[in-house]
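**Q** fold the following.
(one chain, ligands or ions: 1)
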Amino acid sequence: MKIVNAHVHMIELEKMVKKNAGHKVPGGISVLQDIEATMPLLSPEVLIGQMEDAGVSQSVLYAVDAPIVYSSNEYVQTLCAQFPDRLMGFASVNPNDKDAVERLDKAVNEQGLRGLKLHPPLQNFFPNNESVFPIYEKAVELKIPVVFHVGTTPFGSLARLSQANPILIDDVAVEFPDLRIMLTHLGTLSHLEAFMVVEKNPNVYIDTSAYLYEIKELLTMNLITRLGPHKIIFGTDYPMPYAGLIHQMKDFVECLKGLNLTEDILEGIFYKNFETFMNYESSNEDIDFQQFI
Ligand SMILES: [Zn+2]
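**A** Numbering: from 1, shown residues only. The predicted structure follows:
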């Protein structure tokens, strides 16, 4: 079965450290605990190796334009050019930057990136604030999807959870019914709020890049049926460690396969839903209320 991993990061560690020169990162940040063991995973060759091992044919690389995590649109473009059959890139712009809309246009029209990743708590903005709306308007015009980090983050005092509440994305989904939206990590401990937003809005999808135990506990047939089997998209958040384990893409594929889902549903999660998500032409038609009388 074809498998697409819709949530992968290749961080530019050296640039990130240089960018943060002079700043002291607050101690006790859990994401830094496994950083040494995670570093080898930041090589594109190791990524492709893990994809081979897991039977993943294509991965979606996210740029991240945030102070603490950094991966530029240019870097993602370069990696995608290196492995054009295996990698697809999503751009990142910081909504607080004045040229964010122009940079998004450039990322899609000149750099070949196919979506936008936003991380409200790390980029320090409220996703339902009207000042961000021009970015969503641009995304609709470009016919690209927007991925939002929602729920908790392991970045301690560097991020605020008030900006990561999935409920904020409901406002975006309502204001921009044509915008394709994906929430991440099955909601990252804000599971129920995230599921509410996915169930309610036909234009909101969610990825499975949660901890393995969460996938096993949460992704039941009841939940899948409730959210809509076409709304769930496979992703792993490579190379993030999880619960003290170093990231193995294969573990996530096996976890999904072990859920006893029907072949159809698994096929949707592994690649078909992602294809629909990317295709703006597949949008829902409005219903004429008159037809009910
Ligand atoms: Zn991520």
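**Q** just give me the neighbour total for L79.
**A** 18 (other CB atoms under 10 Å). Backbone N, C-alpha and C define where each C-beta goes, glycine included.
**Q** which is the succeeding secondary structure element to the helix or strand of the chain with the lowest mean pLDDT?
**A** None of the helices or strands of the chain scores lower by mean pLDDT, DSSP states H and E than helix 13-19, at a mean of 77. Using DSSP states H and E, the next helix or strand after helix 13-19 towards the C-terminus is helix 35-38.
**Q** and the helix or strand that comes right after that next one, how far out from the chain middle?
**A** Following helix 35-38 in sequence order, the next helix or strand is helix 44-54 (DSSP H and E). Relative to its parent chain, helix 44-54 has a centroid offset of 19 Å by CA atoms, centre = their mean, to the nearest Å.
**Q** re the thing from before, any idea how far the least confident helix or strand of the chain is from the chain center?
**A** For helix 13-19, the distance to the chain centre is 22 Å (CA atoms, centre = their mean).
**Q** that helix packs against which elements?
**A** strand 70-71 (3 or more CB pairs under 8 Å, 6 or more residues apart in numbering; DSSP states H and E).
**Q** list the buried residues of the very next helix or strand once past the strand it packs on.
**A** Downstream of strand 70-71, the next assigned helix or strand under DSSP H and E is helix 73-82. If you call a residue buried by 16 or more other CB atoms under 10 Å, then helix 73-82 has these buried ones: N73, Y75, V76, Q77, L79, C80.
**Q** what's the average pLDDT for helix 73-82?
**A** For helix 73-82, the mean pLDDT works out to 97.
**Q** repeat that for stretch 213-221.
**A** 97.
**Q** hmm, who's touching that stretch?
**A** If you take CB atoms under 8 Å, 6 or more residues apart in numbering as the criterion, stretch 213-221 is touched by L186, H191, T208, A210, I232, A243, F252, C255, L256, G258, L259, L261.
**Q** quick check: the farthest pair among those residues?
**A** A243 and L261 (22.9 Å; CB to CB).
**Q** quick one: which of those two has more around it?
**A** L261 (19 against 8).
**Q** am I right that the more buried one is in a helix?
**A** No. L261 is assigned coil when assessed by DSSP: H, G, I helix; E, B strand; the rest coil, not a helix.
**Q** wait, E193 sits on G187?
**A** Yes. Counting by CB atoms under 8 Å, E193 does reach G187; the two are 6.5 Å apart.
**Q** compare these two (neighbour count), which wins?
**A** Taking neighbours as other CB under 10 Å, E193 and G187 compare with G187 leading, 24 against 19.
**Q** and that one, how far from A164?
**A** 10 Å (CB to CB, to the nearest Å).
**Q** common neighbours of the two, please.
**A** V150, G151.
**Q** using CSV, list the CA coordinates for the strand or helix carrying V8.
**A** Here V8 is covered by strand 4-9, with elements defined by DSSP H and E. The C-alpha trace of strand 4-9 is given here as CSV (Å, rounded to 0.1, in the frame of the first residue of the first chain):
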residue,chain,number,x,y,z
VAL,A,4,2.7,9.3,2.4
ASN,A,5,4.1,10.9,5.6
ALA,A,6,2.5,14.3,5.7
HIS,A,7,4.4,15.7,8.6
VAL,A,8,8.2,15.8,8.5
HIS,A,9,10.9,18.3,9.6
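**Q** that strand to helix 73-82, inter-axis angle?
**A** 140 degrees (axes from the mean of the first three to the mean of the last three CA atoms, to 10 degrees).
**Q** just checking, what packs against strand 4-9?
**A** helix 44-54, strand 58-62.
**Q** now with 6 Å?
**A** Under the contact criterion of 3 or more CB pairs under 6 Å, 6 or more residues apart in numbering; DSSP states H and E, strand 4-9 touches strand 58-62.
**Q** list the helices and strands the strand it packs on packs on?
**A** strand 4-9, strand 87-90.
**Q** just for this protein, where's the confidence low?
**A** 25-32 (pLDDT under 70).
**Q** which residues of it fall in helices?
**A** 13-19, 35-38, 44-54, 73-82, 100-109, 120-123, 133-142, 167-175, 191-200, 212-218, 221-227, 249-257, 263-267, 273-278 (DSSP state H).
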